[in-house]
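Asker: Provided below for reference: sequence and predicted model.
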Amino acid sequence: MNARILIGLAVLATSVATQPAHAVVYTATYTGTVAASNNPLNLFGWGDPVGEPFIAVFTYKIDSYQGFIHYADSTFEYVQGGFFYASPSPTTGLWMKIGSIGASLPTQFSNRILTLGGRYFQNLSYEYSGPSWYSLNMVLDTTEAPTRVTTPFSATGLNVPGMGCGACDTFTWHQYGAAADTNMGFNVTRLVVTSDAVSPVPESATWALMCAGLAMVGAAVRRRLS
């Protein structure tokens, strides 16, 4: 085969192989203050953190809705999943900070991301693991809420009873054997949802195509030199 044709095919194979698949990571950041607390477990190093600032950062990745429980109409959308639903978890990370102390929380059991356009935006995580379980339910009631969970936006507001849900903006941690649970309530004043494109690790088929392309380049160069 002509060396130029070989080189052209090799370059084409390599370029196709190295094109990254579309992947977007979304981050929902809730901020506000601790409004109420019963913290016998002294989580986050606090006995009574009322009045302290808090931040909760949910990371989720739902480029394709395949595998998740998903519903959407013209004004409403939710995505949920996790071990409880025998499906992948849409939430891939959760970090929470109260005052000056932060911690990462597991997100594999049950998670939901929900938006009702013009009403509210919600991230809910529930984790059951060994001797303990926790739930964190964050909502911002705002007329700026989009109709899709993948729409970046920012909004400020205070929760209005009746718009969201009765158990919103709460954190509960249950430790088996403990005399009581830790419970906290929050005033959520701001939510920022952002998106960042990422390049995923190539799959095995992609690596194979890349190697084939490089091999063709080598063969073409050897033929040309000989």
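Answerer: Yes, it's here.
Asker: next helix or strand past the helix or strand bottoming out on mean pLDDT in the chain?
Answerer: Within the chain, no helix or strand scores below helix 3-17, which has a mean of 49 by mean pLDDT, DSSP states H and E. Counting by DSSP states H and E, the element after helix 3-17 in chain order, helix or strand, is strand 24-38.
Asker: quick one: strands adjacent to the following helix or strand past that following strand?
Answerer: Moving toward the C-terminus from strand 24-38, the next helix or strand (DSSP H and E) is strand 53-60. Using DSSP bridges, strand 53-60 pairs in its sheet with strand 24-38 (antiparallel), strand 91-98 (antiparallel).
Asker: Let me know which of those is tucked in deepest.
Answerer: With neighbours defined as mean count of other C-beta atoms under 10 Å, those peak in mean count at strand 91-98, which reaches a mean of 20. C-betas here are computed from N, CA, C, even on glycine.
Asker: Now find how far off-centre that strand is within its chain.
Answerer: Averaging C-alpha positions (C-alpha atoms, centre = their mean, to the nearest Å) puts strand 91-98 9 Å from its chain's average.
Asker: same deal with stretch 97-105?
Answerer: 17 Å.
Asker: Contacts for it next, please.
Answerer: Under the contact criterion C-beta atoms under 8 Å, 6 or more residues apart in numbering, stretch 97-105 has outside partners 34, 44-46, 49, 52-56, 93-96, 125, 127, 134, 136, 184.
Asker: Look at that stretch and report the distance between its end residues.
Answerer: End-to-end distance for stretch 97-105: 11 Å, by C-alpha to C-alpha, to the nearest Å.
Asker: What's the mean pLDDT across that stretch?
Answerer: Averaged over stretch 97-105, pLDDT sits at 93.
Asker: Buried residues, it. List them.
Answerer: For stretch 97-105, burial by neighbour count (16 or more other C-beta atoms under 10 Å) applies to 97, 98, 105.
Asker: Mind picking the one among those residues that's closest to residue 194?
Answerer: Residue 194 has its nearest neighbour among those in residue 97, at 17.5 Å by C-beta to C-beta.
Asker: hang on, the earlier thing: export the strands paired with strand 53-60 as a markdown table, with columns for distance to residue 109.
Answerer: Formatted as a markdown table, these follow (distance: least, C-beta to C-beta, whole Å):
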| stretch | distance to residue 109 |
| --- | --- |
| strand 24-38 | 19 |
| strand 91-98 | 10 |
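Asker: Out of those strands, which gets nearest to residue 68?
Answerer: Per C-beta to C-beta, nearest to residue 68 of those: strand 91-98, 10.7 Å.
Asker: downstream neighbour of the closest one in the secondary structure list?
Answerer: strand 101-105.
Asker: Just checking: what are the partner strands of that next one?
Answerer: strand 91-98 (antiparallel).
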